[in-house]
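Student: Fold the following, please.
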Amino acid sequence: MRPVDEAALRRLIAERVAAWNGTTPQDVPMDRPLADLGMASRDAVALAGELSRATGRELPTTLLWEAPTGEALVARLCGAGAPGAVAAPVPPAGGPGG
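Tutor: Numbers count the residues shown, from 1 in each chain. Below you'll find the model as predicted:
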């Protein structure tokens, strides 16, 4: 698992959100729910895949609902928040209910 670059994650998230809502990455409010900023289900799955590649971790496709804002995503992927939040790779979705 490679180290997580917080600035790169913020940039990646801001660029994707900007593409969804037709703004610039600098104007993306990272504290607003991504669904409020134009995220559709397919966007969430695509971004989870990109974040998986960026972090070298297998992330669940439900990640953007578990961490609904840009700030929450960065915190989760950088291990902030709950102890051990993402200390180990997250198993892929696909079990019961997934």
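
Student: which non-adjacent residue is nearest the residue most central in space within the chain?
Tutor: With distances taken as CA atoms, centre = their mean, the residue of the chain nearest its centroid is residue 73 (4.5 Å). Distances taken as CB to CB, 6 or more residues apart in numbering put residue 67 closest to residue 73, at 4.6 Å, once the chain neighbours are dropped. For every residue, glycine as well, the C-beta is placed using N, CA and C.

Student: Compute the number of surrounding residues for the one you found.
Tutor: 19 (other CB atoms under 10 Å).

Student: Check residue 66 too.
Tutor: 12.

Student: Which pLDDT value does the model give it?
Tutor: Note for residue 66: predicted pLDDT of 91.

Student: sorry, back to before: which residues does whichever strand or helix holds the residue nearest to the centre of the chain contact?
Tutor: In this assignment (DSSP states H and E), residue 73 forms part of helix 70-77. By CB atoms under 8 Å, 6 or more residues apart in numbering, the surrounding residues in contact with helix 70-77 are 4, 6, 9-10, 13-14, 17, 28-32, 34, 51, 55, 57, 63-64, 66-67, 80-81, 85-86.

Student: From those, list the buried ones, please.
Tutor: 4, 9-10, 13-14, 17, 28, 30, 34, 51, 55, 57, 63-64, 67, 86 (16 or more other CB atoms under 10 Å).

Student: How about the contacts made by residue 51?
Tutor: Counted by CB under 8 Å, 6+ apart, residue 51 has contacts 9, 12, 13, 59, 63, 73, 77.

Student: closest to residue 45 among these?
Tutor: residue 63 (9.4 Å; CB to CB).

Student: Residue 15 contacts residue 25, correct?
Tutor: Yes. Applying CB atoms under 8 Å, one finds residue 15 in contact with residue 25, separated by 4.9 Å.

Student: which intervals of this protein have sub-threshold pLDDT?
Tutor: For the chain, the stretches with pLDDT under 70 are 1-3, 80-98.

Student: can you map out the helices along it?
Tutor: 6-21, 41-55, 63-66, 70-77 (DSSP state H).

Student: most tightly surrounded among these?
Tutor: Compared across those, helix 70-77 shows the largest average neighbour count, a mean of 20 (mean count of other CB atoms under 10 Å).
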